[in-house]
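1. Would you be able to build a 3D model of this:
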Amino acid sequence: MKPQSVKYMLMAQEMDRAVAFYRDGMGFEENFSSPHWSELNVGDAILGLHEGGDGSRNPTGLSLQYEDVVRAFERAIEFGATSLQRPERREGEPIILSIIIDPEGNEIMLTQYVGHE
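-> You can find the predicted model right below:
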């Protein structure tokens with residue numbers, strides 16, 4: 001048996017703000033939204049937002065890859081994210097990596113694949 005899709009859940013303190021951040025700032029498509037549970041899509045992946053977050057910092061392990069990570073990082077900041085690490089090339093790794101905290105307190109990585117040297 002195979003899973004139908006991959007769904008990743010983040011906590012949200014203010015649902016409307018969280019949906020707007022991921023939809024308008026990060027490029028997700030809104031599937032549906034309610035005060036308690038919302039889902040946004042990118043490709044076949046689903047990002048679920050669950051009410052009840054308290055805004056405290058929450059490391060998530062979520063990583064979003066973009067064609068232009070510098071622009072994605074700048075857009076995230078424009079839409080209310082906090083910078084933990086500006087985009088930088090990872091020595092010995094084929095990515096440029098940045099780390100942000102979304103407006104709900106969720107820590108996520110933004111990456112760009114640049115290939116091996």
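
2. can we go C-alpha only for contacts and neighbour counts from here?
-> Fine.

3. What's the first helix or strand after the longest helix seen in the chain?
-> If you go by DSSP state H, the chain has its longest helix at helix 69-78. Next in sequence after helix 69-78, counting helices and strands by DSSP states H and E, comes strand 82-89.

4. Could you list the paired strands of that next one along with their orientation?
-> strand 95-101 (antiparallel) (DSSP bridges).

5. what mean pLDDT does the strand it pairs with have?
-> The average pLDDT within strand 95-101 is 97.

6. Run the chain-centre distance for it.
-> Distance, stretch centre to chain centre, for strand 95-101: 10 Å (Cα atoms, centre = their mean, to the nearest Å).

7. State the distance from Ser83 to Asp102.
-> Taking Cα to Cα, to the nearest Å as the measure, Ser83 and Asp102 are separated by 9 Å.

8. where's Met9, which helix or strand?
-> strand 6-12.

9. chain center to that strand, what's the gap?
-> 10 Å.

10. what's the answer for stretch 75-85, then?
-> The mean C-alpha position of stretch 75-85 is separated from the chain mean by 11 Å, Cα atoms, centre = their mean.

11. Which positions within that stretch qualify as buried?
-> 75-77, 79-83 (16 or more other Cα atoms under 10 Å).

12. How about stretch 107-117?
-> 107-113.

13. Same question for stretch 82-98.
-> 82-83, 87, 95-98.

14. still on that earlier bit, now tabulate the buried residues of stretch 75-85 in JSON lines and tack on distance to Ser34 and pLDDT.
-> As requested, these are exported to JSON lines (distance: Cα to Cα, whole Å; pLDDT from 0 to 100):
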{"residue": "Arg75", "distance to Ser34": "25", "pLDDT": "98"}
{"residue": "Ala76", "distance to Ser34": "23", "pLDDT": "98"}
{"residue": "Ile77", "distance to Ser34": "25", "pLDDT": "98"}
{"residue": "Phe79", "distance to Ser34": "21", "pLDDT": "98"}
{"residue": "Gly80", "distance to Ser34": "21", "pLDDT": "98"}
{"residue": "Ala81", "distance to Ser34": "22", "pLDDT": "98"}
{"residue": "Thr82", "distance to Ser34": "25", "pLDDT": "98"}
{"residue": "Ser83", "distance to Ser34": "28", "pLDDT": "98"}
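
15. Thanks a lot, see you next time.
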